[in-house]
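J.: Sharing a model that was predicted from the sequence below.
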Amino acid sequence: MALLALAFCAGYALIALERPLRLPKAVTAVALAAALWTMLRLLGRAAGALAPKLSGIAGIVLYLFGEMAIVDVIEARGGFDFIADRIRVRKTRSLLWVYSLVAFFLSSFLDNLATAILMIALARRLAAPGNETRVFVAMAVIAANAGGAFSPIGDVTTTMLWLGGRITPLGVVRALFLPSLAALVVPLALLTFAVDGDRPLSAPSRARRGAGFLFAGLGLLALVPLFSALSALPPFVGILLALGLLWAANALSRREAEPDGRGRAGPGLSLRRIDYSTLLFFLGILLAVAALQVSGTLAALQSWLSSRVGGVGLVAFLMGLASAIVDNVPLVAATMSMYSLPAFPADHFLWELVALTVGTGGSLLVTGSAAGVAGMRAEGMTFGWYARRVSPPALAGFLAGSAVYLLERCG
């Protein structure tokens, strides 16, 4: 058991050092998973355990695959351009609020990385170059992480909790909407004065390009939880059905493709543009955590946390703080493996608090979430600039969201 724990820590260190080592984290994750399961087999602990674990993990990966493909169709047909063209605010500070709220609600349908990428592109069109653009991008990161926390399809961690039976769609929306909104509004209010409120903005265009595919794609994504509840089928079946319908609509559309190829979002092009490295990373890290569960490592960790840390609420809070440093996928996977469903049923406050804290805790550091890393790469936000200017407001939002949730629960 100790040997597997050491191997996992070593592998995770390589993942954390992805950039300086220039070793893709997907490569490390899948190699780590294979190594841990091989070690389990040599110890005689893997017999019959791999197939059930792989079945559940495959459902998560298939769901993410379908979601990525749907986002690609919407983008290729100009759906996200339609959002940019609808923003009519003419003052910078007001624009920052509208911009952040758009990112917040959009992230409840899309994953936080896709939302951040879209909003970064939008910030370049709306904000002045330099510090103002960085503030807009920083708010996109905070809003995308907060918006994904209250939706079962808004972040990979909430999707994992939903697919694992830890939360229900209506339950998590009802419990976490206001706390997630607080996690957005508090840092937004603090960062509002970091931009020039008097600079007039140019009038937006009135293009209607892509509206149909935008609403169709978002509508189909929103219907997936309902489909799963009514059909009693795994959610990945619903997302694949939604993808098939959107692909069919695109194929039947008579709209001509633009010179740059946009509008041809058929299966061939979408499949080529999907981020397979992200999917492989999720597959590898989830299989690695499953190996730790089978070995008994996570059960030992749960016992240690229970004796040293105390209540599960504090554990969830610490998980949120850790998500600023450690990738949230293994954190949530480990928590799901440590605390069983019989003892902590669906919509237990542990799972809701984990979804909230891990989702919003990723905003505390720019490297704490995929959205933040995308912002760093796109706009040159340094770790130091984010830590000085954004981390304190983000921490205030993290604490405010947790406080609102606890007040709701206690009330």
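T.: It's in. Numbers count the residues shown, from 1 in each chain.

J.: what does the model give the nearest residue to Thr367 once chain neighbours are set aside for pLDDT?
T.: What sits nearest to Thr367 in space, not counting adjacent residues and going by C-beta to C-beta, 6 or more residues apart in numbering, is Val373, at 6.1 Å. The way it works is simple: take the backbone N, C-alpha and C, and place the C-beta from them, glycine included. Here, the pLDDT recorded for Val373 equals 70.

J.: Repeat that for Asn131.
T.: At Asn131, pLDDT is 81.

J.: so what's the closest residue to it other than its chain neighbours up against?
T.: Leaving aside its chain neighbours, Asn131 sits nearest to Ala194 (7.4 Å; criterion: C-beta to C-beta, 6+ apart). For Ala194, the contacting residues are 131, 135, 389, by C-beta atoms under 8 Å, 6 or more residues apart in numbering.

J.: For these, give me CSV that also has secondary structure.
T.: Converted to CSV, those look like this (DSSP: H, G, I helix; E, B strand; the rest coil):
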residue, secondary structure
Asn131, helix
Val135, helix
Arg389, helix
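
J.: who wins for neighbours among the residues you listed?
T.: Among these, the one with the most neighbours (other C-beta atoms under 10 Å) is Val135, at 21 neighbours.

J.: Quickly find the element holding the residue nearest to Thr367.
T.: helix 370-379 (DSSP states H and E).

J.: Kindly report the same for Leu287.
T.: helix 276-295.

J.: now for that helix, which elements pack on it?
T.: helix 2-16, helix 25-42, helix 50-76, helix 297-308, helix 328-338 (3 or more C-beta pairs under 8 Å, 6 or more residues apart in numbering; DSSP states H and E).

J.: List the buried residues in it.
T.: For helix 276-295, the neighbour count (16 or more other C-beta atoms under 10 Å) marks 278-295 as buried.

J.: From what I see, Val294 and Leu54 are in contact.
T.: No. The pair Val294 / Leu54 is not scored as a contact, 11.8 Å apart, by C-beta atoms under 8 Å.

J.: Out of the contacts of Ala194, which is nearest to Leu122?
T.: Val135 (13.7 Å; C-beta to C-beta).

J.: still on that earlier bit, give me whichever of the helices and strands packed on helix 276-295 is most buried.
T.: helix 328-338 (a mean of 23; mean count of other C-beta atoms under 10 Å).

J.: what pLDDT, on average, does that one get?
T.: Averaged over helix 328-338, pLDDT sits at 82.

J.: contact partners of that helix?
T.: 12, 156-157, 160-161, 164, 166, 281-282, 285-286, 288-290, 292-293, 298-299, 301-302, 305, 315-316, 319, 322-323, 354, 358-359, 361-362, 369.

J.: rerun that using 6 Å as the cut-off
T.: With contacts defined as C-beta atoms under 6 Å, 6 or more residues apart in numbering, helix 328-338 is touched by 157, 160, 164, 285-286, 289, 293, 298, 302, 319, 323, 354, 358, 362.
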